[in-house]
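1. Got a sequence here, can you model it:
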Amino acid sequence: MQTPRTWTGSPLARIARMVLKAPRVAMVVGQTVHLSGTSREEFLADAEWVAHEAVHLRQYREHGLLPFLWKYLVESARVGYYLNKYEVEAREEARRVVLANPDYVLRPLPRHARPS
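-> As a prediction, this is how the structure comes out:
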């Protein structure tokens, strides 16, 4: 996988961070990973996090920018962030990627990514 394009200190990611009440956020818009509360180096060092965002990059490529944003927002409004099928797919793929590496230590999901 090629290294994703990132935007550190993204205002969009900062808003998401405040809404989610999370200490750090990575979110994809188009083909860029927007970061807030973390550095590019910290993000890239976390294989599970990168794998999760890579799924969102693929989802944008498959659906297109505006159609995917619309589908993602409708799905989130319908079932919430945690049960959003696009988030479920990203979490599952990220876990598969890291579980394939026997040396990787799984970290607990952040509070905003757990069911309420």
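
2. Just give me how far the lowest-mean-pLDDT helix or strand in the chain sits from the chain centre.
-> Least confident helix or strand, the chain: helix 85-99 with a mean of 92, by mean pLDDT, DSSP states H and E. Centre-to-centre, helix 85-99 and its host chain are 10 Å apart (CA atoms, centre = their mean, to the nearest Å).

3. Residue 43 against residue 54, yeah?
-> No: the pair residue 43 / residue 54 is not scored as a contact, 11.7 Å apart, by CB atoms under 8 Å. No exception for glycine: its C-beta is placed from N, CA and C like everyone else's.

4. Return the distance of the lengthiest helix in the chain from the chain's centre.
-> Ranked by number of residues, the top helix in the chain under DSSP state H is helix 47-63. Averaging C-alpha positions (CA atoms, centre = their mean) puts helix 47-63 7 Å from its chain's average.

5. Centre-most residue in the protein?
-> Compute the mean C-alpha point of the chain, and by CA atoms, centre = their mean the closest residue is residue 53, 4.1 Å away.

6. Roughly how far does it sit from residue 32?
-> Going from residue 53 to residue 32 by CB to CB, to the nearest Å gives 10 Å.

7. Count the neighbours of the nearest residue to residue 82 once chain neighbours are set aside for me.
-> Spatial nearest neighbour of residue 82, excluding adjacent residues (CB to CB, 6 or more residues apart in numbering): residue 115 at 5.0 Å. As a burial measure, residue 115 scores 8 neighbours (other CB atoms under 10 Å).
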